[in-house]
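*Asks:* Sequence plus the predicted model coming up.
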Amino acid sequence: MHSLKEVADLEDQSTRHFVGRSDELESIRSHAYAATSRVRDYLLDRESSAPAVHKRQAIEAWGGAIASMEKYWASGSPSQMPVLRQLQRSLQGYWQTATPALEWDDTQRARLGYDLLAEQLSPRRDEFLRLLDEVRRSNEVDLRAATDQSAALIQDLKDRLTSVVIMALLIGVALASLTLIHFLRLENAARARYEASLEDRAQLEALSARLLQIQEEERRRIARELHDETGQSLSGMLVDLANAAAAVPPGHPALAERLESVKHLAETTLASIRNLSLLLRPSMLDDLGLIPALRWQARETSRRTGMQVDMVADDYELELPDDYRTTIYRLVQEALHNAAQHSSAKTVSVVVSSQPDRLLVSIRDDGRGFLPKAARGMGLMGMNERVAHLNGRFRVESEPGQGATLTIELPAPPGQPLK
């Protein structure tokens, strides 16, 4: 009974801590995201009365984020302190950068707002959102550790109860029967606790999948806003600049040169916004399908890093649900990023093949390799979670100096054979 109480107390405590941390973490994310949105609106909104409202809302939302951060800090585990310090510095860095801009007048916002948002605020926002995801994954690791500890306590309880039963059998059949009945009752209680822990783990995995879905939806929405609203505005600006340059009378070379400089700046900004939109979520993934998006990703990686990326796939387009397309695209994206940043690879081969009952994706590089059992990075954990959500299998094969091969095997979507 004491062991069962220990299991119950441990699970109740770990569940309360996880739920409390998750609530505070979601509060930090929602308030911080609301504050960054209001800062963005303050810098970009040109209505005379709107900036004051955006400024007030940004300050209120940021206050909520800081309050939630202080509450989370009090309940965080010692293993989370390094990333929490990074998160706190990242939040402070963003707000220190944004605070002076909240005092700008209309002329300063019109002249400097886009540059500040694109060059400083957006990267800092992406940084603390990434750190929030690391804290979330750390919470999941802590909960899994508590669940494993509960399972160990249950196993220890079963072992000790078995010894008690054997000893009771030596004393007498009658006493052994009574002891066996008591043991079965305790075992049922332990099994119920263990099944409850498995259910908690399933709920955790469902929550993780939902968070990934929300993240993809947010990336899709932001990418479309950047492409449809900001991109169109800059395109209109380029047309107006071209018309203005054509209307400059002869004999004003300084004015024509100034217009050409502004036009070049607008073109550069438009290209940056389009690149950012594509990095968030390429529209071709939804418009053209998975294979064209993967080919584009391979070309972009080769262009940015100088690493040769060979894409091998069937000529026809795979008809896949959105979660399959998104999962495969993100897995290939993360694998190419790891190859470029960590393995010093010169060539990478991406092979996508399909069979009637499954889809196979293989990413092989010629980098320096690693020991898969010793590598416990967040990147591989996130990839494994994505594959497990679709009931697939994820395998890493690598040795030092021998490169690495990542193999993803996904079952065919229900009721939809691939060939």
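*Replies:* Looks like it arrived, so ask away. Residues are numbered from 1 along each chain as shown.
*Asks:* For the rest of this, base every contact and every neighbour count on C-alpha atoms.
*Replies:* OK.
*Asks:* Pull the contacting residues for Ala256.
*Replies:* Applying Cα atoms under 8 Å, 6 or more residues apart in numbering to Ala256 gives the contacts 245, 248.
*Asks:* 6 Å - rerun?
*Replies:* Not one residue lies near Ala256 by Cα atoms under 6 Å, 6 or more residues apart in numbering.
*Asks:* What strand or helix carries it?
*Replies:* Assessed by DSSP states H and E, Ala256 sits inside helix 253-280.
*Asks:* what's the model's confidence in that helix, averaged?
*Replies:* Helix 253-280 carries an average pLDDT of 71.
*Asks:* can you give me the helices in the stretch 1-150 of the chain?
*Replies:* Along the stretch 1-150 of the chain, the segments classed as helices by DSSP state H, counting those that start in this stretch run 2-44, 50-75, 81-101, 106-116, 122-171.
*Asks:* Output those helices in JSON lines; the columns should cover mean neighbour count, distance to Asn338 and mean pLDDT.
*Replies:* What follows is the helices of the stretch 1-150 of the chain, written out as JSON lines (neighbours: other Cα atoms under 10 Å; distance: least, Cα to Cα, whole Å; pLDDT from 0 to 100):
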{"stretch": "helix 2-44", "mean neighbour count": "19", "distance to Asn338": "26", "mean pLDDT": "79"}
{"stretch": "helix 50-75", "mean neighbour count": "18", "distance to Asn338": "31", "mean pLDDT": "85"}
{"stretch": "helix 81-101", "mean neighbour count": "16", "distance to Asn338": "21", "mean pLDDT": "85"}
{"stretch": "helix 106-116", "mean neighbour count": "15", "distance to Asn338": "29", "mean pLDDT": "82"}
{"stretch": "helix 122-171", "mean neighbour count": "16", "distance to Asn338": "16", "mean pLDDT": "82"}
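*Asks:* Same list (those helices) but as JSON lines, adding distance to Asp357.
*Replies:* Shown next, in JSON lines, are these (distance: least, Cα to Cα, whole Å):
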{"stretch": "helix 2-44", "distance to Asp357": "37"}
{"stretch": "helix 50-75", "distance to Asp357": "45"}
{"stretch": "helix 81-101", "distance to Asp357": "42"}
{"stretch": "helix 106-116", "distance to Asp357": "49"}
{"stretch": "helix 122-171", "distance to Asp357": "32"}
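*Asks:* Identify whichever of those lies nearest to Thr327.
*Replies:* Judged by Cα to Cα, the one of the helices of the stretch 1-150 of the chain that comes nearest to Thr327 is helix 122-171, at 17.3 Å.
*Asks:* What is that closest one packed up against?
*Replies:* helix 81-101 (3 or more Cα pairs under 6 Å, 6 or more residues apart in numbering; DSSP states H and E).
*Asks:* What lies in contact with the helix it packs on?
*Replies:* Residues from elsewhere that reach helix 81-101 (Cα under 6 Å, 6+ apart): 124, 128, 131.
*Asks:* quick one: which of those is nearest to Ala247?
*Replies:* Using Cα to Cα, those come closest to Ala247 at Arg124, 40.9 Å.
*Asks:* per-residue confidence for the residue located most distally from the centre of the chain?
*Replies:* Residue farthest from the centre of the chain, counting by Cα atoms, centre = their mean, is Gly172 at 60.9 Å. pLDDT recorded at Gly172 is 90.
*Asks:* Distance check, it against Gly76.
*Replies:* 52 Å (Cα to Cα, to the nearest Å).
*Asks:* next one: Arg29
*Replies:* Separation of Arg29 from Gly76 (Cα to Cα): 16 Å.
*Asks:* what's near enough to touch the spatially closest residue to Gln308 that is not a sequence neighbour?
*Replies:* Spatial nearest neighbour of Gln308, chain neighbours left out: Thr347 (4.6 Å); criterion: Cα to Cα, 6 or more residues apart in numbering. Thr347 makes contacts with 307-309, 365, as judged by Cα under 6 Å, 6+ apart.
*Asks:* residues near the nearest residue to Ser398 once chain neighbours are set aside, how many?
*Replies:* Among residues not flanking Ser398 along the chain, Ala404 sits closest, at 4.3 Å (Cα to Cα, 6+ apart). Ala404 sits with 24 neighbouring residues when counted by other Cα atoms under 10 Å.
*Asks:* Show me the beta-bridge partners of Ala404.
*Replies:* With DSSP bridges applied, Ala404 shows beta-bridge pairing to Asp365, Ser398.
*Asks:* before we move on, what about Val350?
*Replies:* Going by DSSP bridges, Val350 forms beta bridges with Met311, Ile363.
*Asks:* let's number from 221 now, not from 1
*Replies:* With the count now opening at 221, the last piece we talked about shows up as Val570.
*Asks:* which residues touch it?
*Replies:* 531, 582-583.
*Asks:* hmm, back to that, where does the residue farthest from the centre of the chain fall, phi/psi-wise?
*Replies:* The phi/psi pair for Gly392 (degrees, to the nearest 10) reads phi 180, psi 150.
*Asks:* and it, how far is that from Phe403?
*Replies:* Note on Gly392: its distance to Phe403, by Cα to Cα, is 16 Å.
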